[in-house]
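Asker: Kindly generate the corresponding structure for this input.
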Amino acid sequence: MQRLVMALAMALTAGCASQPAPAPQPKVNLSGYPLEFRQGYADGCASVNAARKRDEARYKSDANYAQGWRDGYDICRRQK
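Answerer: Take a look at the predicted model:
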């Protein structure tokens, strides 16, 4: 009986443990866009609320990343 109570108490306590917060999902559907665009979008959106996050070499050489970054920055700035 004492083992059962102890096991139940441990199970209940473990259920209360905090979980890491999931990464915020973009408020737009980017499923049809290339990976490079989605990564640029995420970096551009993150740049609105923090220091600029942009891979400069990639921004200059990858048109999909650059367009995604600009779109992400512009859209997230307007939603702010």
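Asker: Check the closest residue in space to Asn49 that isn't next to it in sequence and give its pLDDT.
Answerer: The spatially closest residue to Asn49, leaving aside those adjacent along the chain, is Lys80, at 7.6 Å (CB to CB, 6 or more residues apart in numbering). All C-beta spots, glycine's among them, are computed from the backbone N, C-alpha and C. Here, the pLDDT recorded for Lys80 equals 73.
Asker: how many neighbours does Ala46 have?
Answerer: Per other CB atoms under 10 Å, the neighbour tally for Ala46 reads 18.
Asker: Does it touch Lys53 like I think?
Answerer: Yes - counting by CB atoms under 8 Å, Lys53 is a contact partner of Ala46 at 4.8 Å.
Asker: The nearest residue to Arg70 once chain neighbours are set aside sits in which helix or strand?
Answerer: Nearest residue to Arg70, sequence neighbours excluded (CB to CB, 6+ apart): Gly44, at 6.4 Å. Here Gly44 sits within helix 35-49, counting by DSSP states H and E.
Asker: Dump that helix to CSV, keeping only the CA atoms.
Answerer: Only the C-alpha atoms of helix 35-49 are listed here, as CSV (Å, rounded to 0.1, in the frame of the first residue of the first chain):
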residue,chain,number,x,y,z
LEU,A,35,13.5,25.9,-47.4
GLU,A,36,15.8,28.9,-48.2
PHE,A,37,12.8,31.3,-48.4
ARG,A,38,11.4,29.9,-45.1
GLN,A,39,14.7,30.3,-43.3
GLY,A,40,15.1,33.9,-44.6
TYR,A,41,11.5,34.6,-43.6
ALA,A,42,12.2,33.4,-40.0
ASP,A,43,15.4,35.4,-39.8
GLY,A,44,13.7,38.6,-41.1
CYS,A,45,10.8,38.2,-38.7
ALA,A,46,13.1,37.7,-35.8
SER,A,47,15.0,40.8,-36.8
VAL,A,48,11.9,43.0,-36.0
ASN,A,49,12.1,42.4,-32.2
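Asker: residues in contact with that helix?
Answerer: By CB atoms under 8 Å, 6 or more residues apart in numbering, the list of residues contacting helix 35-49 from outside reads 26, 30, 33, 53-55, 58-59, 62, 64-77, 80.
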